[in-house]
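> my questions concern the predicted model and sequence given below.
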Amino acid sequence: MSTRPGVRRIAELAPLIRTRTLTPMELVTSCLARIDARSELNTFIAVFREEAQRDAERAAAEIAAGRYLGPLHGIPVSIKDLIDMAGVPTTSGSRVPGRVPATDAPVIRRLRQAGAIIVGKTNLHEFAFGTTSDETAFGPVRHPQAPARSPGGSSGGSAAAVLDGMCLASVGTDTGGSVRMPAAACGIVGLKPTFGELSCDGVVPLSPSLDHVGPMARSVYDTGLLFQALKGATVQGVAAAGGRLAFGVPRSYFCERLEPAVRCTLESSILRLREAGYDVVDLEIDHAACTPDVYLHIVLPEASYYHAAALDAHADKYSPGVRLRLEMGRYVLAEDYLRALGLREVLGRAVDAVLDRCDALLLPTLPIPPPPVGASTVDLDGTPAPVRAAMLRLTQLFNMSRHPAISLPAGRGPEGLPRSVQLVGRRGRTERLLDIAAAVEQVLG
Amino acid sequence: MMTIEAWLEAALADAERRNLPDLKPLLETLARSTQALRRADAAVCPADAVRPAPQEHG
């Protein structure tokens, strides 16, 4: 095999494993070698070498005995270290003492039932409370294609690991965009399903009313395989949606402050979709401009509530920036929190209303390229902006509105790094969104 | 309703008492955001309107 198997798609490798042309041991060995070769990227917090090799041998024996479990059988995956695995510390990327769970989180259990092999737990922005994965007790995660830059966050280790072929897919979490943003920065696919669709049991919360578990992989098809496994559904993949799809582009707020290459990628994507015979129309989401203020007044107090006891006992163990954001949340008035919850419902209905007029929304995922490691501000269309606020700008609405959203690569900027677009589908129709995304991927891929 | 000015003054005093001087710029940012939140709320849901209860978490 000329190309490292870790950088190939599950859809290509699964048939090779099923027919025993490629063994799970070869695949796991390749991924572990890549993890070791690029340790300077700080991608993993824990690597399970012996367990992964043992699981690979067991998978090979099962397949040889005719007990093939499906497309994820024998496939190496990674898990964001915010999710519980039995007997392994859940560090959340922090020096604050974590927990050693007795049982796997349900999503982990389902991955194992589908035959996936967990090679390790990935680094992240501490407690998932950031967008750059550089505030962590395990060293800043670095972009595999540009190590001076961030791979995004908070699931930055997951995205970097998939991009670099350290595993074929990963499971992250997304509270304001933490699956989609690093997927966009790394040029892979990241899905935030409909709220509540994938269990968050056994996942350290950031903001329970906004938290989602979501898969990341190299293609929409592979991402769909993982989503089906995590959901406990039959793992059979997705099929590109047929027919004349209609896409709505929300211009106000979402397209107002974009780096030129992001804007160019969006406009080029619109053009290519139209050339492919799809309809693309402009539309407006009512009240969208209040999105960051509503989000802030929900995420801050919910995060502070969870961390209250640890903040009092272990304040010095938090990264300074994460600690300050958690402290800030303690000052939000209950009345303003409830005000934000009310506005959240208004925003959700506004997204529902525009989705009545199209099959999916189309917009950028990130308004900027992957930022430098350690940057506190970035240039956002000619104006300095806090990096966290800039990166969250286009994704956080759909955590509040509970709609499924997916990021997929759509081009590259002048420095050679990825630019991506985001599709948003109807609530409760995540499978349909994956089918639509597969159709878009065929055009933009 | 507690005004933004009164809230910010109390929050800054508390942060100072707790020896968290770095919190000051964040609280000032939060104050601006709360002001914007209240403006948006007033525009969407006028003061004399019956307020719907937010959906239960989850």
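Okay, I see it.
> surely A:Thr430 is in contact with A:Gly196?
No. The pair A:Thr430 and A:Gly196 does not pass the contact test of Cβ atoms under 8 Å, sitting 10.9 Å apart. For every residue, glycine as well, the C-beta is placed using N, CA and C.
> more neighbours: which of these two?
It is A:Thr430, of A:Thr430 and A:Gly196, that has more neighbours when counted by other Cβ atoms under 10 Å in any protein chain shown, with 24 against 13.
> state the distance from the more buried one to B:Ile4.
Using Cβ to Cβ, to the nearest Å, one obtains 39 Å as the distance from A:Thr430 to B:Ile4.
> okay, strands next: where are they in the stretch 251-400 of chain A?
Remark: strands assigned in the stretch 251-400 of chain A by DSSP state E, counting those that start in this stretch are A:279-283, A:360-364, A:377-380, A:383-386.
> tally of neighbours for whichever residue of the stretch 301-445 of chain A sits closest to chain B?
Nearest residue of the stretch 301-445 of chain A to chain B, counting by Cβ to the nearest Cβ: A:Leu341, 3.3 Å away. Close neighbours of A:Leu341, defined as other Cβ under 10 Å, add up to 19.
> over to A:Ser199?
Counted with other Cβ under 10 Å, A:Ser199 comes out at 16.
> Validate this expectation: it resides in a helix.
No. Under DSSP: H, G, I helix; E, B strand; the rest coil, A:Ser199 sits outside any helix and is assigned coil.
> ok, now which ones touch it?
Going by Cβ atoms under 8 Å, 6 or more residues apart in numbering or on different chains, A:Ser199 touches A:Ala105, A:Pro106, A:Val107, A:Val213.
> please repeat the previous calculation with a cut-off of 6 Å.
With contact set as Cβ atoms under 6 Å, 6 or more residues apart in numbering or on different chains, A:Ser199 has these partners: A:Pro106, A:Val107.
> show the pLDDT at B:Ala42.
pLDDT recorded at B:Ala42 is 95.
> what helix or strand is it on?
B:Ala42 belongs to helix B:23-44 when elements are defined using DSSP states H and E.
> same check on A:Ala33?
helix A:24-37.
> for that helix, what is the distance to the chain centroid?
Helix A:24-37 has its C-alpha centroid displaced from the chain centroid by 23 Å (Cα atoms, centre = their mean, to the nearest Å).
> same thing with stretch A:126-146?
That offset, for stretch A:126-146, works out to 14 Å (Cα atoms, centre = their mean).
> hey, C-alpha coordinates of it in PDB?
C-alpha atoms of stretch A:126-146 as PDB (Å, rounded to 0.1, in the frame of the first residue of the first chain):
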ATOM      1  CA  GLU A 126      -9.100  22.800  29.000                       C
ATOM      2  CA  PHE A 127     -12.600  21.600  30.000                       C
ATOM      3  CA  ALA A 128     -13.700  22.400  26.400                       C
ATOM      4  CA  PHE A 129     -13.800  26.100  27.400                       C
ATOM      5  CA  GLY A 130     -12.000  27.600  24.500                       C
ATOM      6  CA  THR A 131     -11.600  27.500  20.700                       C
ATOM      7  CA  THR A 132      -7.800  27.100  20.200                       C
ATOM      8  CA  SER A 133      -6.600  24.100  22.200                       C
ATOM      9  CA  ASP A 134      -3.600  26.000  23.500                       C
ATOM     10  CA  GLU A 135      -4.800  26.400  27.100                       C
ATOM     11  CA  THR A 136      -4.300  22.800  28.300                       C
ATOM     12  CA  ALA A 137      -2.100  21.000  30.800                       C
ATOM     13  CA  PHE A 138      -0.700  18.800  28.100                       C
ATOM     14  CA  GLY A 139       1.000  21.400  25.800                       C
ATOM     15  CA  PRO A 140      -0.700  23.400  23.100                       C
ATOM     16  CA  VAL A 141      -2.100  21.300  20.300                       C
ATOM     17  CA  ARG A 142      -0.400  22.300  17.000                       C
ATOM     18  CA  HIS A 143      -1.800  22.200  13.500                       C
ATOM     19  CA  PRO A 144      -0.200  19.300  11.600                       C
ATOM     20  CA  GLN A 145       0.200  21.400   8.400                       C
ATOM     21  CA  ALA A 146       1.400  24.600  10.200                       C
END
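> how about the helices in the stretch 251-400 of chain A?
For the stretch 251-400 of chain A, the helices defined by DSSP state H, counting those that start in this stretch occupy A:260-275, A:291-314, A:320-329, A:334-355, A:387-392, A:397-401.
> quickly compare the strands of the stretch 251-400 of chain A and say which is most buried.
strand A:360-364 (a mean of 25; mean count of other Cβ atoms under 10 Å in any protein chain shown).
> how about the CA coordinates for that one, as PDB?
Output of strand A:360-364 as PDB, limited to C-alpha atoms (Å, rounded to 0.1, in the frame of the first residue of the first chain):
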ATOM      1  CA  ALA A 360     -30.200  23.400   4.300                       C
ATOM      2  CA  LEU A 361     -28.400  26.600   5.200                       C
ATOM      3  CA  LEU A 362     -25.000  27.200   3.700                       C
ATOM      4  CA  LEU A 363     -22.500  29.500   5.400                       C
ATOM      5  CA  PRO A 364     -18.800  29.500   6.400                       C
END
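> contacting residues around it?
Contacts of strand A:360-364 (Cβ under 6 Å, 6+ apart): A:247-250, A:254, A:262, A:266, A:394, A:422-425, A:436.
> residues from chain A in reach of chain B?
By Cβ under 6 Å from any Cβ of the partner chain, the residues of chain A that approach chain B are A:209, A:290, A:293, A:296-297, A:324, A:327-328, A:331, A:336, A:339, A:341-343, A:346.
> near chain A, which residues of chain B are found?
Counting by Cβ under 6 Å from any Cβ, the residues of chain B close to chain A are B:11, B:22-23, B:26, B:30, B:33-34, B:36-37, B:40-41, B:44, B:54, B:57.
> buried among these? Need that as a selection in PyMOL.
In PyMOL, this line selects whichever of the residues of chain B next to chain A come out buried by 16 or more other Cβ atoms under 10 Å in any protein chain shown:
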select buried, chain B and resi 11+23+26+30+33+34+36+37+40+41+44+54
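> got the residues of chain B next to chain A as a markdown table, with distance to A:Glu57 columns?
Below are these laid out as a markdown table (distance: Cβ to Cβ, whole Å):
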| residue | distance to A:Glu57 |
| --- | --- |
| B:Ala11 | 58 |
| B:Asp22 | 52 |
| B:Leu23 | 53 |
| B:Leu26 | 52 |
| B:Leu30 | 54 |
| B:Ser33 | 54 |
| B:Thr34 | 57 |
| B:Ala36 | 58 |
| B:Leu37 | 56 |
| B:Ala40 | 58 |
| B:Asp41 | 59 |
| B:Val44 | 59 |
| B:Pro54 | 52 |
| B:His57 | 44 |
